[in-house]
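>>> Got a sequence here, can you build the structure:
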Amino acid sequence: WMHVTLRNGGCHGIEISGEGASIDLAESTIRGCKKTGIHCTEKATFTFKKGKIQNNSQYGLVLARGASGTVIKSRFVENSSGTLQRETGCNLTASMNVGIVRRPPKKGIP
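Numbers count the residues shown, from 1 in each chain. All right, here's what the predicted structure looks like:
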């Protein structure tokens, strides 16, 4: 898929699950999701190229239970829990990506 904008106020932007399941996204945006931008699990795979994952309520990307993925020339901007959560045994190939995290200072710190 190319030039797709995904928004999901109820759950993940995109969820890929199960051995043999895969998706390729290019020049796309995933933003404003109630949970994670991309949630990949149960040995599924994905490729995300030249895209943006931003302003999601949890992580930009989660890899769990043997999942794997490739992220190339993409931007992760202000996802509330952080850019990435990856369990042991999950593989991620990443190249030339940018992560922007802005968090307010902790209470009592100027």
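>>> Can you check the pLDDT for the closest residue to residue 40 other than its chain neighbours?
With Cβ to Cβ, 6 or more residues apart in numbering as the criterion, residue 40 has its nearest non-adjacent residue at 4.1 Å, and that residue is residue 67. For glycine as for every other residue, the C-beta is placed from the backbone atoms N, C-alpha and C. Note on residue 67: pLDDT of 98.
>>> Check residue 72 too.
Value listed for residue 72 in the pLDDT field: 97.
>>> what about it, how many neighbours?
15 (other Cβ atoms under 10 Å).
>>> right, and it touches residue 96 too?
Yes - taking contacts as Cβ atoms under 8 Å, residue 72 lies within contact range of residue 96: 6.5 Å.
>>> Verify the stated contact: the residue nearest to residue 40 with residue 45.
Yes - using Cβ under 8 Å as the test, residue 67 is close enough to residue 45 to be in contact (7.0 Å).
>>> which residues does the residue nearest in space to the middle of the chain contact?
The centre of the chain sits closest to residue 61, judged by Cα atoms, centre = their mean, with a distance of 2.5 Å. The neighbours of residue 61, taking Cβ atoms under 8 Å, 6 or more residues apart in numbering as the test, are 36-38, 40, 53, 69, 71, 76, 83-85, 92.
>>> Paired strands for the helix or strand harbouring it, with orientation please.
Counting by DSSP states H and E, the element that carries residue 61 is strand 59-63. Partners of strand 59-63 in the sheet, by DSSP bridges, are strand 38-41 (parallel), strand 82-86 (parallel).
>>> average pLDDT across the last one?
Rounded to a whole number, the mean pLDDT of strand 82-86 is 93.
>>> Tell me the buried residues in that strand?
Buried residues in strand 82-86, counting neighbours by 16 or more other Cβ atoms under 10 Å, are found at 83-86.
>>> got the contact list for it?
Under Cβ under 8 Å, 6+ apart, the answer for strand 82-86 is 36, 59-64, 76, 92, 99, 101.
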